[in-house]
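Visitor: structure, please.
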Amino acid sequence: MNQASTQPAIGFIGLGIMGASMASRLAAAGYPLHVYNRTRAKAEPLIEAGAHWHATPQALAAVSDVIFTIVGTPDDVRALYLGDDGLINHARSDAVLVDMTTSSPQLAEELAAHAKARGVHMLDAPVSGGDIGAREGRLSIMVGGSSEALARVEPMLRCLGTTIALQGGPGAGQHAKLCNQIVIASTMLGVCEGLAYAQSAGLDAHTVLSTIGGGAAGGFQLNNLGPRIANGDFAPGFFIEHFIKDMRIAHEEAGHMGRELPGLELVRGLYQKLSEEGYARNGTQALFKLYES
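Guide: As a prediction, this is how the structure comes out:
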């Protein structure tokens, strides 16, 4: 019996910048892969490599033991999971559903409650690490839900990430991801301002980056996105429009807690301005364009 026949069947929905690489890694590990995406063209490389295409999420759910989703917004997540045509109603009994979208903690709690009532397991498991981490299997994965459900899918998550941590019950993974986005917001502002200062001082940006990247200023944003800024490369590893969505959710959740986050609000306003100027589909490093102008 070959490896694929003994492995759980995986359904994967959402084959964008992150999802396509993640699904490819699961297929490469020998898992039978079933895919759905609103735009079939994005699934073609996976189909050509042997993945099974399904015309609807419901058809995919009928043949999958585990379903991973990574889509755009909380509204997309709600539409995909809930209602008569949702994944929860069509999932196999005892299936594990793993939403890796950065979404609302409150929605994650709601999904988990609906799943439990249907005899299905639900995890919220958003990721950090960008397009590079997705391609190389070096994502950080923040999980909310039960330890039992996590144990069932952890071998699959190990194909995708190097850091996998259960943060707590339903919604806790989303809260942890919002912490991540809050930190990134102000960090990206610092990277852009540092490079803008270097430019005004007549310094070579690459020399500055190679020097300060090995010191206390070093980190993912500086060391990975700093060189892209220096090269004028604003192609998306993560879309500005999605980051604005994440910051909006973080702002709403902070409001529920009665907490003010002035750094987040400053950066959120700058990205909103950038989006209004036509850069919503650029990468987050395009914040530097505000300093160019």
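Visitor: His34 should be in a strand, yeah?
Guide: Yes. Assessed with DSSP: H, G, I helix; E, B strand; the rest coil, His34 lies in a strand.
Visitor: beta partners for it?
Guide: On the basis of DSSP bridges, His34 is bridged to Gly11, His52.
Visitor: show me what contacts it?
Guide: His34 makes contacts with 9-12, 51-54, 60, 63-64, as judged by CB atoms under 8 Å, 6 or more residues apart in numbering. (C-beta placed from N, C-alpha, C; glycine too.)
Visitor: save these as JSON lines, and put in neighbour count too.
Guide: Formatted as JSON lines, the contacts of His34 follow (neighbours: other CB atoms under 10 Å):
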{"residue": "Ala9", "neighbour count": "18"}
{"residue": "Ile10", "neighbour count": "25"}
{"residue": "Gly11", "neighbour count": "29"}
{"residue": "Phe12", "neighbour count": "30"}
{"residue": "Ala51", "neighbour count": "23"}
{"residue": "His52", "neighbour count": "17"}
{"residue": "Trp53", "neighbour count": "15"}
{"residue": "His54", "neighbour count": "20"}
{"residue": "Leu60", "neighbour count": "24"}
{"residue": "Val63", "neighbour count": "13"}
{"residue": "Ser64", "neighbour count": "29"}
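Visitor: export the residues you listed to CSV and append columns for pLDDT and distance to Pro155.
Guide: Rendered in CSV, the data for the contacts of His34 read as follows (pLDDT from 0 to 100; distance: CB to CB, whole Å):
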residue, pLDDT, distance to Pro155
Ala9, 98, 14
Ile10, 98, 11
Gly11, 98, 16
Phe12, 98, 16
Ala51, 98, 19
His52, 98, 21
Trp53, 98, 25
His54, 98, 23
Leu60, 98, 21
Val63, 98, 20
Ser64, 98, 16
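Visitor: between these, which is nearest Ser140?
Guide: Phe12 (19.4 Å; CB to CB).
Visitor: now the closest one: how far from Leu160?
Guide: 11 Å (CB to CB, to the nearest Å).
Visitor: how about Gly202?
Guide: 43 Å.
Visitor: please apply the same query to Asp131.
Guide: Distance, Asp131 to Leu160, using CB to CB: 13 Å.
Visitor: and the two? Which one has more around it.
Guide: Leu160 (25 against 18; other CB atoms under 10 Å).
Visitor: residues touching that one, list them.
Guide: By CB under 8 Å, 6+ apart, Leu160 lies in contact with 22, 25-26, 127, 134, 137, 139, 141.
Visitor: gap between it and Ala51?
Guide: Relative to Ala51, and taking CB to CB, Leu160 is found at 16 Å.
Visitor: run the chain-centre distance for stretch 27-45.
Guide: Centre-to-centre, stretch 27-45 and its host chain are 17 Å apart (CA atoms, centre = their mean, to the nearest Å).
Visitor: ugh, wrong one, stretch 105-115
Guide: With CA atoms, centre = their mean as the basis, stretch 105-115 stands 18 Å off its chain's centre.
Visitor: and the contacts of it?
Guide: 74, 77-78, 81-82, 88, 91, 97, 99, 121-122, 124, 144-145, 169-175, 178, 253.
Visitor: write a ChimeraX command that selects only the buried members of these.
Guide: Here is the ChimeraX command that picks out the buried ones among the contacts of stretch 105-115, judged by 16 or more other CB atoms under 10 Å:
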select :74,77,78,81,82,88,91,97,99,121,122,124,144,145,170,171,172,173,174,175,178,253
